[in-house]
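Participant: No letters, just coordinates:
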């Protein structure tokens, strides 16, 4: 637990409250080793400044150096890391059906549990599912069932709080290809991270390397990226730019099955 201006430093509070810009002593707050490489934010009233962890010269743990803080409030708040989750539905479904995974027939994938797993206690500010929308192009019973099944599935996701981002399916001489989904993911990554500052970390469930230019830019804007793929077919290009890679095994996937 991070502590600032506690214990022996409590007496400095009155000096700091209305004194304007001051240096806060380097050992004003002590944290565990788990924070040594991390960043956190401290809120003093309406002012927010980044606190960067510096290595401790001796002893255990690490100290935070507060730098120059405008102390205008009474209470400090540790802000939770914000994550935004982007799921490439078609790409993810394709890998679920491959032989090393072979998602069980008759079972459903529980995306709510999956998002909780990926968030790991952090604040999930957005969860988005991207998919090409099926159309009944030949008026066959099979096409009708496909359209109806997809609509039912997407409605459930929306009820669970997901934002559905719809692309198109192109039917070309018996082949079906998706169009517009990768562009929508790239735009949301850029706007959410670089423009709106919506998230601190983007969690990308896709192995589509067309997204790498967008990934490079959000990394340039100091945002973190977590890549979620599959152990039997990882994208080395995506791993190169990711701060963290999560590669799912068959037994991992089975944790998210539901009837």
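Facilitator: Arrived safely, thanks for sending. Please read these numbers as outputs of a predicted model, since none were measured by experiment. Numbering: from 1, shown residues only.

Participant: Assess the claim that residue 249 and residue 229 are in contact.
Facilitator: No. Here residue 249 lies out of contact with residue 229, judged by Cβ atoms under 8 Å, at a distance of 11.3 Å. (Glycine included, C-beta is placed from N, CA and C.)

Participant: Compare these two (neighbour count), which wins?
Facilitator: residue 229 (23 against 12; other Cβ atoms under 10 Å).

Participant: what residues are up against the more buried one?
Facilitator: 95, 207, 235, 238, 239, 245, 246, 247, 248 (Cβ atoms under 8 Å, 6 or more residues apart in numbering).

Participant: and of those, the nearest to residue 190?
Facilitator: Ranked by distance to residue 190 (Cβ to Cβ), the contacts of residue 229 are led by residue 238 at 16.6 Å.

Participant: Can you tell me the element the closest one falls in?
Facilitator: Element membership for residue 238, per DSSP states H and E: helix 236-241.

Participant: Tell me which residues of that helix come out buried.
Facilitator: 238, 241 (16 or more other Cβ atoms under 10 Å).

Participant: Could you give the secondary structure assignment for residue 106?
Facilitator: coil (DSSP: H, G, I helix; E, B strand; the rest coil).

Participant: Repeat that for residue 246.
Facilitator: strand.

Participant: neighbours around it, how many?
Facilitator: 16.

Participant: Quick check: it touching residue 227?
Facilitator: Yes. Counting by Cβ under 8 Å, residue 227 is a contact partner of residue 246 at 7.1 Å.

Participant: how about the helices in this structure?
Facilitator: For the chain, applying DSSP state H gives helices covering 13-17, 89-96, 111-119, 141-159, 181-190, 212-220, 236-241, 250-254.

Participant: For residue 203, find the nearest of these.
Facilitator: helix 111-119 (5.2 Å).

Participant: Go through the closest one and flag the buried ones.
Facilitator: In helix 111-119, counting by 16+ other Cβ under 10 Å, buried: 111, 114, 115, 118, 119.

Participant: Nearest spatial neighbour of residue 137, chain-adjacent residues omitted?
Facilitator: residue 171 (5.6 Å; Cβ to Cβ, 6 or more residues apart in numbering).

Participant: I'd guessed residue 199 sits against residue 82; true?
Facilitator: Yes. Contact criterion Cβ under 8 Å: residue 199 and residue 82 qualify, at 4.8 Å.

Participant: Find residues that contact each of the two.
Facilitator: Common contact partners of residue 199 and residue 82 (Cβ under 8 Å, 6+ apart): residue 125.

Participant: Of the two, give the one with the bigger neighbour count.
Facilitator: Shown here are residue 199 and residue 82; by other Cβ under 10 Å, residue 199 has more neighbours (24 against 15).

Participant: And the pLDDT at the closest residue in space to the more buried one that isn't next to it in sequence?
Facilitator: Closest residue to residue 199 apart from its sequence neighbours, by Cβ to Cβ, 6+ apart: residue 84 at 3.9 Å. In the prediction, the pLDDT value recorded for residue 84 is 98.

Participant: List the contacts of residue 84.
Facilitator: Counting by Cβ under 8 Å, 6+ apart, residue 84 has contacts 124, 125, 126, 127, 128, 192, 193, 198, 199, 201, 202, 203.

Participant: How many neighbouring residues does the third one have?
Facilitator: Think residue 126. Counted with other Cβ under 10 Å, residue 126 comes out at 17.
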